[in-house]
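Undergrad: got a predicted structure here, sequence first:
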Amino acid sequence: MTTHSNGTRGKVKHLLGTARDEAPLRLADIDCSDTHGVHRHHALEELASSQERLLELQTRLFAEGTRSLLIVLQGMDTSGKDGTVNHVISHFNPGGFTITNFKVPTAEEARHGFLWRIRRALPRSGHVAIFNRSHYEDVLITRVKNLVPSDVIERRYAEINAFESELIESGTAIVKICLHISYEEQRVRLLERLDDPAKRWKFSTHDLIERGHWDEYQVAYELAITRCSPKVPWYVVPANEKWFRDWAVTQIVTEALEEIDPRYPAPVLDIKALRAQLQPVG
């Protein structure tokens with residue numbers, strides 16, 4: 001998952017590569033601090049100029065009204081999912097996107113199949129939807145905590161692949177991003193939450209319990225990413241450097257919208273007659 005780039009737009013796929021099922025994935029082999037040769041000042045310059053481009057593409061998607069984009073964000077605690085969401089949505093018109101944070105299933109959700117609540121949050125035609133955590137929780141935490149039998153997990157990999165293929169065929173493009181931080185960086189960020197009164201509310205003792213399962217989560221992520229990437233490969237984004245994380249995710253989303261290439265509709269209008277009606281009276 002690595003070549004180098006000078007940070008020019010359109011290079012992210014070649015820069016990060018994508019995780020596919022042809023090759024085993026070992027997250028330990030991916031340097032969480034690797035910025036792939038992208039210079040911080042170039043990245044910040046591109047971030048500053050990206051808002052207009054993303055807004056244009058989103059507006060075209062909304063105006064076209066026939067296709068949609070789903071952005072799936074996964075990552076360990078403190079990997080920056082919330083920060084990434086806040087950064088990405090700052091570029092969008094709020095009328096054309098939704099954000100869903102998938103937490104522990106409610107009693108109603110638990111009575112249905114694991115994809116039931118996911119389907120209810122899918123983007124409408126012309127919209128962008130961001131999943132902060134997603135259907136992948138049902139092959140991640142459920143595997144680590146042994147919440148369901150192993151054969152159920154195996155079936156879910158196939159169900160996820162079929163579900164995502166169905167979305168693609170129906171006109172929804174999917175971008176799947178795993179924010180990859182190191183064990184040490186997580187320790188630093190958890191300490192920052194404890195030490196900063198403005199961040200302390202984010203700290204939960206549950207975070208430490210989950211941290212105790214770090215190795216099991218790494219294996220669960222490796223399996224999920226490898227088993228669920230035939231048509232929709234994952235991007236594993238090194239996320240120790242927040243500026244690189246924000247730059248990379250912004251470029252990935254921009255490139256996804258550019259690949260959709262939405263077009264403004266061409267309504268049949270009598271421009272001359274309509275202009276005449278708008279001329280000043282007298």
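TA: Now that the structure is in, tell me what you want to look at.

Undergrad: would you check how far apart residue 58 and residue 99 are?
TA: 14 Å (Cβ to Cβ, to the nearest Å). Any C-beta I mention is one placed from the backbone N, CA and C, and that applies to glycine too.

Undergrad: same check, this time on residue 230
TA: Counting by Cβ to Cβ, the gap from residue 230 to residue 99 is 27 Å.

Undergrad: dump the residue contacts of residue 259.
TA: residue 173 (Cβ atoms under 8 Å, 6 or more residues apart in numbering).

Undergrad: correct me, but residue 142 touches residue 148?
TA: Yes - using Cβ atoms under 8 Å, residue 142 is in contact with residue 148, at 5.0 Å.

Undergrad: three-state assignment of residue 69?
TA: Under DSSP: H, G, I helix; E, B strand; the rest coil, the three-state class of residue 69 is strand.

Undergrad: repeat for residue 129
TA: strand.

Undergrad: contact partners for it?
TA: Contacts of residue 129 by Cβ under 8 Å, 6+ apart are 68-71, 97-100, 121-123.

Undergrad: if any of those are buried, put those into a PyMOL selection.
TA: Selection of buried members from those for PyMOL, criterion 16 or more other Cβ atoms under 10 Å:
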select buried, resi 68+69+70+71+97+99+100+121+122+123
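
Undergrad: and the contacts of residue 129, which is closest to residue 160?
TA: residue 70 (12.8 Å; Cβ to Cβ).

Undergrad: these two touch, right, the closest one and residue 173?
TA: Yes - the pair residue 70 / residue 173 is scored as a contact, 7.2 Å apart, by Cβ under 8 Å.

Undergrad: what segments of the stretch 51-200 of the chain are strands?
TA: 68-75, 97-101, 128-132, 172-180 (DSSP state E, counting those that start in this stretch).

Undergrad: for those strands, give me a markdown table that also has mean pLDDT.
TA: Listed next are these as a markdown table, based on pLDDT from 0 to 100:
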| stretch | mean pLDDT |
| --- | --- |
| strand 68-75 | 97 |
| strand 97-101 | 95 |
| strand 128-132 | 96 |
| strand 172-180 | 97 |
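
Undergrad: just send those back as TSV, with distance to residue 44 too.
TA: Below are these laid out as TSV (distance: least, Cβ to Cβ, whole Å):
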stretch	distance to residue 44
strand 68-75	22
strand 97-101	24
strand 128-132	23
strand 172-180	19
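
Undergrad: wait, which of those strands is closest to residue 166?
TA: strand 172-180 (8.9 Å).

Undergrad: which strands or helices does the closest one pack on?
TA: In terms of contacts (3 or more Cβ pairs under 8 Å, 6 or more residues apart in numbering; DSSP states H and E), strand 172-180 is packed against strand 68-75, helix 81-89, helix 150-169, strand 234-238, helix 242-260.

Undergrad: each with direction, which strands does it pair with?
TA: strand 68-75 (parallel), strand 234-238 (parallel) (DSSP bridges).

Undergrad: then the longest one to CSV, C-alphas only?
TA: Presented in CSV, the C-alpha positions along strand 68-75 are these (Å, rounded to 0.1, in the frame of the first residue of the first chain):
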residue,chain,number,x,y,z
SER,A,68,-25.5,8.7,-4.2
LEU,A,69,-22.3,8.3,-2.1
LEU,A,70,-21.8,6.3,1.1
ILE,A,71,-18.7,7.0,3.1
VAL,A,72,-17.9,4.3,5.7
LEU,A,73,-15.5,5.3,8.5
GLN,A,74,-14.0,2.7,10.8
GLY,A,75,-11.1,2.8,13.3
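
Undergrad: list of residues touching it?
TA: So strand 68-75 is contacted by 61, 81, 84-85, 88, 122-134, 136, 140, 167, 171-181, 221, 239, 253, 256-257, 260 (Cβ under 8 Å, 6+ apart).

Undergrad: that one vs helix 81-89, what angle?
TA: 150 degrees (axes from the mean of the first three to the mean of the last three Cα atoms, to 10 degrees).
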